[in-house]
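Trainee: Below are the sequence and a predicted model; questions follow.
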Amino acid sequence: MNLIVLYKEDIHDGVAEITGKKLEHILSFIKPAVGDTLKTGILNGSIGEGNVTDISGDKLVLTLSMHDTPPPPLPLKLVIAMPRPKVLNRVIQHASSMGVKEIYIIKTWRVEKSYWETPMLEEENLHRQMITGLEQGKDTILPKIEIRKRFKPFVEDELPAIISGGMAFAAHPAANSPCPREVNSPVTLAIGPEGGFIPYEVDALQNIGFKPVSLGDRILRVETAVPFLIGRLF
């Protein structure tokens, strides 16, 4: 935890009270003492410091001084086939910590139907994973996550507007072109499931402007491919 993300409702007259699971986490891993200064941020707001003025069994009190803006967002929109539920948490955390602000979780042919029944897709869990990523990346701006369970309508009706004004790449092991490095343009990146996109899906993405790209001979797991590709593109 490199930043403690606070909620506006927990702050009154420049003083924040932290309770519950967040308090348990702070006490376990940061182990603050009265007088310490902790890096803090207000969700969707500014970043600064919190001076620890009180620690008791059920709360931690911080006097805040907020004076910095959060880091700029990464100019990337992520379109990702629904991964295995446990992997989904890691993907959301990675993307959030790296500054991705638009994430679309989509259905593709190789996504197992049972994945859509997972409680990992519930709003509470997605929010928790995004907060974990923001605290890792010292950011406060919450990403937007959209879930789309119909591939064809999403690709044909929504995706053209999403990719407008930038470059669009689809990670695909069979692609002939390597993934570019250090692009100077907004990017929409589509990543398929563990088995990759099927040919129909690749064609559908190409038809609206996506360029299939590969990482070479190695096939990476989704949770590895996401930060690898983002790091390569930017």
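Mentor: Everything's here; your move. Residues are numbered from 1 along each chain as shown.

Trainee: At which residues are the strands of this protein located?
Mentor: When secondary structure is read from DSSP state E, the chain shows strands at 4-6, 11-12, 15-18, 37-42, 47-55, 60-68, 76-81, 102-106, 144-148, 167-171, 187-191, 211-213.

Trainee: what's the weakest-modelled helix or strand in the protein?
Mentor: helix 20-25 (a mean of 91; mean pLDDT, DSSP states H and E).

Trainee: need the strands of the chain in TSV with mean pLDDT and mean neighbour count, can you?
Mentor: Just so you know, the C-beta spots here come from the backbone N, C-alpha and C atoms, and that holds for glycine as well. Formatted as TSV, the strands of the chain follow (pLDDT from 0 to 100; neighbours: other Cβ atoms under 10 Å):
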stretch	mean pLDDT	mean neighbour count
strand 4-6	97	21
strand 11-12	94	14
strand 15-18	95	18
strand 37-42	97	19
strand 47-55	96	17
strand 60-68	96	17
strand 76-81	98	24
strand 102-106	98	21
strand 144-148	98	15
strand 167-171	97	22
strand 187-191	98	23
strand 211-213	97	18
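
Trainee: what's the longest helix in the protein?
Mentor: When the chain is parsed with DSSP state H, its longest helix is helix 123-137.

Trainee: Show residues contacting that helix.
Mentor: 1-5, 41, 43, 71, 88-89, 92-99, 119-120, 139-143, 145 (Cβ atoms under 8 Å, 6 or more residues apart in numbering).

Trainee: One more: stretch 45-63?
Mentor: By Cβ under 8 Å, 6+ apart, stretch 45-63 touches 3-4, 6, 8, 14-19, 23, 26-27, 32-41, 64-70, 138, 140.
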